[in-house]
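> build me a model:
(chains A and B)
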Amino acid sequence: MSAAHASAPYEPVFVGATKQKLEALFAKYPTRQACLLPALWMVQEARGWIPEQGVAEVADVLGLTPAYVKGVVTFYTMYHQHPMGRHVIQVCTTSPCGICGAEDTLQALLTHTGCQELGRTSPDGRFTVVETECLGACGFATPVLIDDDFIESVTPERVPGLLQRYA
Amino acid sequence: MGYPHPSHPKETVVLSRHFGDAGARTYQGWVERGGYQALKQALGMTPDAIIEVVKASGLRGRGGAGFPTGLKWSFMPKGDGKPHYLVCNADESEPGTFKDREIMRWTPHALIEGVAIGAYAIGAERAYIYIRGEFTEPYAIMAQAVAEAYAAGALGDNALGSGKRIDIVLHRGAGAYICGEETALMNSIEGKRGNPRVKPPFPAQAGLFGMPTTINNVETLTAVPHILTRGADWYKGLCLSSPKSTGTKLFSVCGHVQRPGNYEITMGTPMMTLIDEMCGGMRPGRTLKAVIPGGSSVPIMSAEEARDCLLDYEGVVAKGSMLGSAGMIVMDDSTDMVRMVLRLAKFYAHESCAQCTQCREGTAWTVKILERIVAGEGEAKDLDLLFDLAENMTGKTICVLSDSCAAPVVSGINKFRGEFEAYLARRRAPAVA
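As a prediction, this is how the structure comes out:
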């Protein structure tokens, strides 16, 4: 374990109510491994991303190896492998939205959040903007997912007002 | 449509009847609208009798492949003593497609009812609904509806007082297009990377957790309750052209039309009726250039091919493409086809699970070659190189993601070759020392 990790102790996620929530899930699947995606969601909900200690903790509670769990984390784009801003903004730029102005919306989000670049967190720690593939709302270009809020028909003009809702 | 616009008079509103009607979301609201009658009816029938009705209706899978649903159900073994599973594929992520999202948002109990009937018909006591991770709102609505259905006794160990057990578990994905492929989806539920599996064995023999499994799309399962209550003949009668394509279909229309959205139409409706009349045609001053009729994985159609195309499985095939998921991407004359194809190729390169070489390398190189063409650095031989790559990406991999990347590239070059050549002509002259 690195010095940085040792100086910032990791608080386990699977205690109390979260532990009970996970254990209730065990009854819904014939294997514990099947609870891997839900368990990783619980870590991300609690920590905002999936730190290495979270990987180890999930591996421990499900009887898997950390290497295996890490392999699954890296497969799925919604599990954050690095700390993110307080609010994560996912913008769809796939072709159907791309031909309806998604690039302009993305640019407006990068500018108004102060992130400037994809994947980078704004200097005030408020936002991280990422490009995402098809959000499944192509008729309502451009769809944007801010944390768990799914917002349709975002245009560059709507961006400043939209961001005000997120402190 | 129902959301965000009222339904068009030329729609045949069955699945979308309550879109935009928030009152239909609750258990009580659904019952007041005739809900759960079909499940009650189904639980009084034998599983075989249900399968026969679905077979007779002609219902085909609405996720993209169009496989006959009743036939798929009949593949499940009988009396094998193993647990069976029904999996509902709600991993809707095919670019251009956004119909299952509306079904879950507005009529969650319609899906629950369809899933419960499907589970009973294939001898499954447990069903999983796999919802893509980005669908936060549909997930929350479905979770609420499932909890209500349990509280009302429609689900659980004595579903609607029938003595039969039907459990439904929601499973949230985490961002991976490939998990919409049925075997990748099963791996994902099992807590694995979403790599597709080699078939055979097919899911009906060894699927989820190695047990006999059937996977159906959201829209397919949602059609089942209507077929039971109104009869196979009624459903079969919803047909304007090919008798092999029956019922209604939700078409998600996006791109450059005046009123994008979901339109429910009878199979066999002309494509131009949908685009010009229901969707209000193209934006002012613009003309139709191209249509991708079935989600981004199918060949691009020219405006000429769209002109007299009938919207059913056979009608779209006759025009050189496929109905797929009926996610229609409509493009007008402002569209840069080369850049549009490049962005689609990027999608597939990003979403390749990378286990097959042809796909991992093929999608990445398709992007690199298209990028250099767009940058004015392409060479005359690049178009042939793209065809050669596409040839090696088609029919050679575990799943069809690779083929799906090749389809728009090949059809794009074939139908809009002039635009690709114009980019090639912009190639900078070599610097002379």
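
> switch to C-alpha atoms for all contacts and neighbour counts from now on
OK.

> give the contact list for B:Thr46.
Shown in contact with B:Thr46 (CA atoms under 8 Å, 6 or more residues apart in numbering or on different chains): B:Ala121.

> check which element follows the helix or strand bottoming out on mean pLDDT in chain A along the chain.
Taking mean pLDDT, DSSP states H and E as the measure, helix A:3-7 is the helix or strand of chain A with the lowest mean score, a mean of 45. Per DSSP states H and E, the first helix or strand lying C-terminal to helix A:3-7 is helix A:16-26.

> and chain A, which residues reach chain B?
A:28, A:30-31, A:33-38, A:71-72, A:75-79, A:94-100, A:133-140, A:145, A:148-150 (CA under 8 Å from any CA of the partner chain).

> let's go with 6 Å and repeat that
A:33-34, A:36, A:72, A:75-78, A:95-96, A:134, A:136-139, A:148 (CA under 6 Å from any CA of the partner chain).

> now, which of those sits nearest B:Gly378?
Taking CA to CA as the measure, B:Gly378 sits nearest to A:Ser95 out of the residues of chain A next to chain B, at 21.7 Å.

> I'd like the distance between that closest one and A:Gly101.
From A:Ser95 across to A:Gly101, the span is 10 Å (CA to CA, to the nearest Å).

> before we move on, what about A:His112?
17 Å.

> so who does the closest residue to A:Val154 other than its chain neighbours touch?
For A:Val154, the nearest residue in space outside its immediate sequence neighbours is A:Thr142; the separation is 5.1 Å by CA to CA, 6 or more residues apart in numbering or on different chains. By CA atoms under 6 Å, 6 or more residues apart in numbering or on different chains, the contact list for A:Thr142 reads A:Cys97, A:Ala102, A:Ser153, A:Val154.

> next, the third one: secondary structure please.
This means A:Ser153. coil (DSSP: H, G, I helix; E, B strand; the rest coil).

> that one touches A:Ala141, doesn't it?
Yes - here A:Ser153 lies in contact with A:Ala141, judged by CA atoms under 6 Å, at a distance of 4.9 Å.

> who has more neighbours out of the two?
Neighbours of A:Ser153 and A:Ala141, each counted by other CA atoms under 10 Å in any protein chain shown, are more numerous for A:Ala141; the result is 26 against 16.

> settle this for me: the more buried one is touching A:Ile151, isn't it.
No - assessed by CA under 6 Å, A:Ala141 is found out of contact with A:Ile151, at 9.8 Å.

> A strand includes B:Val169, no?
Yes - assessed with three-state DSSP, B:Val169 lies in a strand.

> what is the neighbour count of it?
16.

> nearest residue to it in space, please, no chain neighbours.
B:Tyr128 (4.8 Å).

> do the same with B:Ala174
Closest to B:Ala174 by CA to CA, 6+ apart is B:Gly133, at 4.5 Å.

> that's a strand at that neighbour, yeah?
No - counting by three-state DSSP, one finds B:Gly133 to be coil, located in no strand.

> what about it, how many residues nearby?
21.

> pretty sure it sits against B:Arg172.
Yes - between B:Gly133 and B:Arg172 there is a contact at 5.4 Å, judged by CA under 6 Å.

> next one: phi and psi at the residue of the stretch 201-350 of chain B found nearest chain A?
Closest to chain A within the stretch 201-350 of chain B is B:Cys254: 4.4 Å, counting by CA to the nearest CA. For B:Cys254, the backbone dihedrals are phi -140, psi 180 (criterion: degrees, to the nearest 10).

> leaving out the residues flanking it, which one is nearest to it?
A:Gly139 (4.4 Å).

> check contacts around that neighbour.
By CA under 6 Å, 6+ apart, the neighbours of A:Gly139 are B:Cys254, B:Pro260, B:Gly261.

> for the first one, give me its contacts.
For B:Cys254, the contact set (CA under 6 Å, 6+ apart) comprises A:Cys138, A:Gly139, B:Pro260, B:Ile329.

> one more: the last one?
Neighbouring residues of B:Gly261 by CA under 6 Å, 6+ apart: A:Gly139, B:Ser252, B:Val253.

> what residues of the helix or strand containing the second one count as buried?
B:Ser252 is part of strand B:248-255 when elements are defined by DSSP H and E. Applying a neighbour-count criterion of 16 or more other CA atoms under 10 Å in any protein chain shown, one finds B:Thr248, B:Lys249, B:Leu250, B:Phe251, B:Ser252, B:Val253, B:Cys254, B:Gly255 buried in strand B:248-255.

> including pLDDT, could those residues go into JSON lines?
Listed next are the buried residues of strand B:248-255 as JSON lines, based on pLDDT from 0 to 100:
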{"residue": "B:Thr248", "pLDDT": "98"}
{"residue": "B:Lys249", "pLDDT": "98"}
{"residue": "B:Leu250", "pLDDT": "98"}
{"residue": "B:Phe251", "pLDDT": "98"}
{"residue": "B:Ser252", "pLDDT": "98"}
{"residue": "B:Val253", "pLDDT": "98"}
{"residue": "B:Cys254", "pLDDT": "97"}
{"residue": "B:Gly255", "pLDDT": "97"}
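
> mind putting those residues into TSV with distance to B:Leu240?
Output for those, formatted as TSV (distance: CA to CA, whole Å):
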residue	distance to B:Leu240
B:Thr248	10
B:Lys249	12
B:Leu250	15
B:Phe251	16
B:Ser252	19
B:Val253	20
B:Cys254	24
B:Gly255	26
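
> greatest separation within the residues you listed: which pair is it?
B:Thr248 and B:Gly255 (22.3 Å).

> for the record, mean pLDDT for stretch B:366-384?
The pLDDT scores in stretch B:366-384 average 96.

> ok, and what's touching that stretch?
So stretch B:366-384 is contacted by B:Leu342, B:Ala345, B:Lys346, B:Leu424, B:Arg426, B:Arg427 (CA under 6 Å, 6+ apart).

> give me that answer again for 8 Å
B:338-339, B:342, B:345-346, B:349, B:386, B:389, B:413, B:420, B:423-428.

> B:Thr214 falls within a helix, correct?
No - using three-state DSSP, the assignment for B:Thr214 is strand, not a helix.

> who touches residue 21 in this structure?
Went with chain A since none was named. A:Lys21 neighbours (CA under 8 Å, 6+ apart): none.

> sorry, should have said chain B
Here B:Asp21 is in contact with B:Gly2, B:Trp106 (CA under 8 Å, 6+ apart).

> the same query, at a cut-off of 10 Å, please.
B:Gly2, B:Tyr3, B:Gly29, B:Trp106, B:Thr107 (CA atoms under 10 Å, 6 or more residues apart in numbering or on different chains).

> how close does it get to B:Ile131?
Counting by CA to CA, the gap from B:Asp21 to B:Ile131 is 22 Å.

> nearest residue to the residue in chain A sticking out farthest from the centre in space, please, no chain neighbours.
Going by CA atoms, centre = their mean, the residue of chain A most distant from its centre is A:Pro30, 27.4 Å out. Residue nearest to A:Pro30 in three dimensions, not counting chain neighbours: B:Phe209, with 7.7 Å by CA to CA, 6+ apart.

> what's the neighbour count on that neighbour?
18.

> so it touches B:Tyr85, yeah?
Yes - if you go by CA atoms under 10 Å, B:Phe209 and B:Tyr85 touch, sitting 9.0 Å apart.

> what secondary structure does B:Leu160 sit in?
Going by three-state DSSP: B:Leu160 is helix.

> what about it, how many neighbours?
20.

> cool, and B:Ala174?
Neighbour tally, B:Ala174, other CA under 10 Å: 24.

> for it, report the pLDDT, please.
So, for B:Ala174, pLDDT stands at 98.
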